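Undergrad: next one to model:
(3 chains)
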Amino acid sequence: MRPRTKRRVVNSVRYFFTILTLVVFLFPAYWITITAFKPASEWNEWPPHFWPYHPTLSNFFGGTSVSSIEGILPFLRNSLVIATIVSVVTAVIALLAAYSIARFKTGGMGLAGWIISMRMLPPVTIVIPLYVIYAKVNLLNTWTGLILIYLVPAIALGVWILITFINQIPKELDEAAKIDGASNLQIFTRVILPLSLSGVAAVMVLTFIQTWSEFLLATILTSNSASQTLPVYLGRFITGYNIAWGALSAAGLITMLPVIVFGIIFQRYLISGLTFGAVKY
Amino acid sequence: MSKANRKIAILFILPVIIFYLIMAIYPFASMIYESFTNLNLTIANSGQFIGLSNYFEIFQDPLALSSIDFSAMVIYIGVPIEILLGLVFAYLIRGLKGEKVFRTLFLIPMMIPGIVFGIAAQMIFNYLFGAANYFLSFFGVQPVAWLGQASTAQFVIIFLDVLQWTPFVFLIIYAGLLSVPQDLTDAAKVDGANGWQTFLHVEFPTLRPLLYVALIIRVIDALKIFGKIYMTTWGGPGTATSSWSFYIYKVGVSYGWDIGYASALAVILLIVSTILVNILIRFLNLGEQLGISKES
Amino acid sequence: MGKYRALVLVVSMIAVMAVAALAVTTISVVVSPDNGPSIQYLAQQFMQQNPDIKVNVTIISWETLYPRLLADLSAKTGIYDAFSMDVMTTGAMQSGCLDLTQYFKDHPDVIPAGYDMNDLLPLAYKLSTWNGDLIGLPYYNNTMLFYYRKDLFNNPTYQQQFYQMFGRPLRVPTTWAEAVDVARFFTQSYNPKSPTRYGIALMFPTTHTMFYMFPLFFGPYRTSTDGIREFGPVDFNYGTYFTSDGKPAFANKYGLMALEDMKALMPYAPDPLGSDYGQTIEYFAQGMTAMCPQWTNPYLQFASSPALQPADQKIGIAPMPGVSVAGNWALAVNKYISPDKQAAAVKFILFCTTKEAGLQVLEKFAIAPVRESILDNPEAQAAIPWVSALPSIYQTEAFRPRIPQEPQLEGITDVTFSKMLSGALPMTIDTLQSLADQWTKVLAGGQ
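TA: Numbering: from 1, shown residues only, chains lettered A, B, ... in the order given. Just a heads-up that it's a prediction; the model follows:
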């Protein structure tokens, strides 16, 4: 076989497997999406319908509280508000701490390790004492309550990522600014802050995605549309006597779409966040 | 450290420390304390100190032991598959036309909330109407009761975990490959190395630390698997898919807030996680990476 | 002057609005998905009639609702003002429920004119009490029915085929043993001529569903003459699972026979261990099975399914071959909330349980009535075919335990039964005995 022909064959095989893999990996998302537009008669069909034969919006609008997702707006609002606030607050607190640790070695390895370990704790271990405490201080079913607990892993991750970013800023810049008479605070605002913005973006994107998806804590610490997030809204009728698959899928679509779009737009920040700064991209 | 430096160093770190003292220390302290009591929300006046009884109980509780089993299974079956597939896919698309599009599409599953995967699985793995059994019917396979048998239900949960997290491993490896210096691979080619040899001697050494990172992060996160189980099998049939985290939820929340015992289970999980975190920190050579170890 | 007049107008409008806002009491009501749409519907009507009360209805799945309520009541947080309560959970929840007997004594005027307490079915009423105190108002008299394909059972061809195969006429089974033959007959892999793929849609998942499916099969043994002689009559708080003096009654040949009856049906059911409500209802609604034990309200889904038209000729309703199991719901009010909210919440649950409300939610949402007068009402009987069958079914129902330890018992039991049915644990009395030992330990206050 001539090398060119061989390469063409190899490439065709690679395309085939690439597309096959993508089909498998994206199939659940695809299924949710098409079911969201299927009328009730097509939810359970044999053979299954691989696209909606009679597309409809009835799963989104109209119907009762369990046959469409007309009441989803407060939950969407809660998710947006909570994820946004957590992202912003995380960025601020984590940047301050990361600056302190990276430049002044505050607390040394002990403190840094302690902070970072907060990212790893299984949420189920903390949820029970948290419920009892929240009940005492009236934080159940509030945005504040969820935001506070979501900040725990988010800040840990944020500090970790931002330390690596700040370490890459040459210390000479700090010193040059100092010679020009800048105070520590000014060095922070004029040198560190502008140069670590991409790290801040990575922290915010990652925090947003992880906060958005959280289910266990939200389902226990919230009670109604005043603070329940989208995953809780989604979880509410999975075992009801009447599973409206179309509406459930529509809710699933609303739950995953914003975060997918957001993640794709900012994907270049994702990787440094996900690898705790171990990989620069 | 100068006085000015110390002032700003402490001022900037203070918010984190105060925050964690409030949000983490107190809940954890109370959890550890409760693990020594018989606190149960359904029983009036419970909460007496009972020493280590809860901890001894774990070793006699077949449900606890089997939930640890399933968590281990997710780790020793799911995680290696994720790493292998991530590696394969990274090489598969490298240099292909449309690489960037494939990469972007492949990242999508990672961003989908686990609970949405659960809903999709309920539909796809339905016994009579599901797409999975439809595909199998082309090969003459009889319908499979996916969620009604221990082995297939375990397969479904692990399969979902693989779907969701292979992209994460892929991303790490893919970015790692980009960081392999081009002249090294070129030099290997000049020396007459084939693709496999290049991988083994040039690329793999660069990737190895990243594979460790992926491995440990996946192991730690696999211990948290919850939403997918909640939405599909509820830990069943029997205890086949009841993970450690899910069992804690069942004991501590779903079946009557047996807080004392659930706390003991959680403390053990916490200890295991902490050990893993420490291994991770060592592997990452975190002190050096962060520039705060003693040597640097 | 005009400017001032406008200002005065605006200020007074704001003042009026502020006063109106202050005067409105908002109550947060949480309900399970079965009750959700009907309660939301009633809340709309209630708010029209009572502009000073705003009712916020939240629907939460059973799995989450119950632990959330339990936590809310135990921690005395008062997050939910009123809620739907599965009567099985009364023991665990009663300490946080407003004692309505006392409340009505103190506030006799809250009961609207024409609200007839004596019209409430005695059983439904009794299930809403604890130690003689009324802690909820009965709302939904749910029970399990045996749905079957009337057209297939009445079809002469199938009747003849069945007779040839089994030597007796095809009829709706009255015992589980009989049901096995019928289920086999309607399963294609055993009888290629079967019009349906499977005989019966069963749900034995590892959730609380398992906990009430078992009494359907165990009930007939427990309440047989032998069962009563050995274990005494069924105690109202301990239920069918227990002897009359509160000991587990299933660790014996009867319990084992019940599980064997369950297992005998499994080959003729689509994925019983992996199916819950959603799946079984769908299987029957799509015409995939000939029989299906289900609660009362799925009738509406069956009746609207294209595969089951015309509904009156295709959907048959019969008493359960064994016995039915009670799935009653009550509406209760949180003890730990302000008197204003309590008053509003009591008013709301009274509104939801009137005769008029009961008739409406029966016709619109297939909520089984809690009032004698509705069961007797020809209009109600014409609206939903099971109404006339209910009184006799209520006579022989099995009951789940209502004691406070119920949740923990349920947790270990679901898992054990699922394992036995799937073959992971041996089907022996020993297995049941070790489950009973765990129960005894829970009841004694240990883990």
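
Undergrad: could you use CA atoms for every contact and neighbour count after this?
TA: Will do.

Undergrad: can you report phi and psi for residue C:83?
TA: phi -160, psi 160 (degrees, to the nearest 10).

Undergrad: for it, grab the count of nearby residues.
TA: By other Cα atoms under 10 Å in any protein chain shown, 25 other residues sit near residue C:83.

Undergrad: which residues does it contact?
TA: C:29, C:30, C:31, C:331, C:332, C:333, C:334 (Cα atoms under 8 Å, 6 or more residues apart in numbering or on different chains).

Undergrad: ok, and the closest non-adjacent residue to it?
TA: residue C:30 (4.8 Å; Cα to Cα, 6 or more residues apart in numbering or on different chains).

Undergrad: list the contacts for that neighbour?
TA: Going by Cα under 8 Å, 6+ apart, residue C:30 touches C:57, C:58, C:59, C:60, C:65, C:80, C:82, C:83, C:84.

Undergrad: list the contacts for the third one?
TA: When contacts are counted by Cα under 8 Å, 6+ apart, residue C:59 is found next to A:236, C:30, C:31, C:32, C:33, C:36.

Undergrad: return the distance of it relative to residue A:225.
TA: According to Cα to Cα, to the nearest Å, residue C:59 stands 10 Å off from residue A:225.

Undergrad: one more: the first one?
TA: Note on residue C:57: its distance to residue A:225, by Cα to Cα, is 9 Å.

Undergrad: for the one residue in the stretch 101-250 of chain C that gets nearest to chain B, which three-state class applies?
TA: Per Cα to the nearest Cα, the residue of the stretch 101-250 of chain C with the smallest distance to chain B is residue C:206, at 5.1 Å. Counting by DSSP: H, G, I helix; E, B strand; the rest coil, the backbone at residue C:206 sits in coil.

Undergrad: can you pull out the helices in chain A?
TA: In chain A, helices defined by DSSP state H lie at A:3-36, A:73-104, A:108-117, A:123-136, A:143-167, A:171-179, A:184-187, A:193-195, A:197-213, A:216-221, A:230-235, A:245-265, A:267-274, listed in chain order.

Undergrad: please work out which of those is packed deepest.
TA: Stretch with highest mean neighbour count among the helices of chain A: helix A:230-235 (a mean of 27; mean count of other Cα atoms under 10 Å in any protein chain shown).

Undergrad: in stretch C:221-239, what's buried?
TA: C:221-223, C:227, C:231-239 (16 or more other Cα atoms under 10 Å in any protein chain shown).

Undergrad: could these go into a markdown table alongside secondary structure, pLDDT and distance to residue A:52?
TA: Output for these, formatted as a markdown table (DSSP: H, G, I helix; E, B strand; the rest coil; pLDDT from 0 to 100; distance: Cα to Cα, whole Å):
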| residue | secondary structure | pLDDT | distance to residue A:52 |
| --- | --- | --- | --- |
| C:221 | helix | 95 | 49 |
| C:222 | helix | 95 | 50 |
| C:223 | coil | 93 | 51 |
| C:227 | helix | 93 | 54 |
| C:231 | helix | 95 | 56 |
| C:232 | coil | 94 | 57 |
| C:233 | coil | 94 | 55 |
| C:234 | coil | 93 | 52 |
| C:235 | coil | 92 | 53 |
| C:236 | coil | 87 | 51 |
| C:237 | coil | 91 | 50 |
| C:238 | coil | 94 | 50 |
| C:239 | coil | 93 | 48 |
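
Undergrad: in those, find the pair that's most separated.
TA: Spatial extent of the buried residues of stretch C:221-239 (Cα to Cα) is set by the pair C:221 and C:237 at 18.9 Å.

Undergrad: worst-scoring helix or strand of chain A, pLDDT-wise?
TA: Within chain A, no helix or strand scores below helix A:267-274, which has a mean of 72 by mean pLDDT, DSSP states H and E.

Undergrad: and the residue of the stretch 101-250 of chain B found nearest chain C, how many neighbours does it have?
TA: The nearest approach of the stretch 101-250 of chain B to chain C comes at residue B:148, 3.6 Å away (Cα to the nearest Cα). For residue B:148, the neighbour count with other Cα under 10 Å is 25.

Undergrad: what distance do you get for it to chain A?
TA: 16 Å (Cα to the nearest Cα, to the nearest Å).

Undergrad: which non-adjacent residue is nearest that residue?
TA: residue C:274 (3.6 Å).

Undergrad: what number of residues lie near that neighbour?
TA: Quick note: residue C:274 (other Cα under 10 Å) scores 28 neighbours.

Undergrad: and the residue nearest to residue C:83, which of the three is it?
TA: Assigned by three-state DSSP, the conformation of residue C:30 is strand.

Undergrad: is it in a bridge, and if so with what?
TA: Beta-bridge pairing for residue C:30 (DSSP bridges): residue C:58, residue C:83.

Undergrad: so which bits of whichever strand or helix holds residue C:125 are buried?
TA: Here residue C:125 sits within helix C:122-127, counting by DSSP states H and E. Residues C:124, C:125, C:126, C:127 are the ones in helix C:122-127 that count as buried (16+ other Cα under 10 Å).

Undergrad: what's the average pLDDT for stretch C:397-406?
TA: Averaging pLDDT along stretch C:397-406 gives 91.

Undergrad: confidence score at residue 266?
TA: Picking chain A for this. 85.

Undergrad: actually it's chain B I care about, not the one you picked
TA: You'll see residue B:266 listed with a pLDDT of 89.

Undergrad: make CSV out of the contacts of residue C:59 and add pLDDT.
TA: CSV is the format used below for the contacts of residue C:59 (pLDDT from 0 to 100):
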residue, pLDDT
A:236, 71
C:30, 93
C:31, 93
C:32, 90
C:33, 86
C:36, 87
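
Undergrad: just give me the closest of those residues to residue C:53.
TA: Using Cα to Cα, the contacts of residue C:59 come closest to residue C:53 at residue C:30, 16.0 Å.

Undergrad: center of the chain - which residue?
TA: Unless you meant another one, I'm taking chain A. With distances taken as Cα atoms, centre = their mean, the residue of chain A nearest its centroid is residue A:209 (0.9 Å).

Undergrad: look at chain C instead
TA: Nearest to chain C centroid, counting by Cα atoms, centre = their mean: residue C:327, 2.9 Å.

Undergrad: tell me the SS of residue C:138?
TA: Recorded secondary structure, residue C:138: strand (three-state DSSP).

Undergrad: next, the contact list for it, please.
TA: For residue C:138, the contacting residues are C:120, C:124, C:125, C:127, C:128, C:328, C:329, C:330, C:331, C:353, C:370, by Cα under 8 Å, 6+ apart.

Undergrad: residue B:43 too?
TA: So residue B:43 contacts C:404, C:405 (Cα under 8 Å, 6+ apart).

Undergrad: switch the cut-off to 10 Å
TA: Residue B:43 is in contact with B:256, B:257, B:258, C:74, C:92, C:404, C:405, C:445, counting by Cα atoms under 10 Å, 6 or more residues apart in numbering or on different chains.

Undergrad: assign the first one to helix, strand or coil.
TA: The local conformation at residue B:256, judged by three-state DSSP, is coil.

Undergrad: what are the phi and psi angles of it?
TA: Torsion angles, degrees, to the nearest 10, at residue B:256: phi 100, psi 20.

Undergrad: so how many other residues sit close to the closest residue in space to it that isn't next to it in sequence?
TA: Nearest non-adjacent residue to residue B:256, counting by Cα to Cα, 6+ apart: residue C:407, 5.3 Å away. Using other Cα under 10 Å, residue C:407 has 25 other residues around it.

Undergrad: let me see the contact set for the residue of the stretch 101-250 of chain B found nearest chain A.
TA: For the stretch 101-250 of chain B and chain A, the shortest gap (Cα to the nearest Cα) falls at residue B:113, measuring 4.7 Å. By Cα under 10 Å, 6+ apart, residue B:113 lies in contact with A:209-215, A:231, A:252, A:255-256, A:259-260, B:164, B:227-228.
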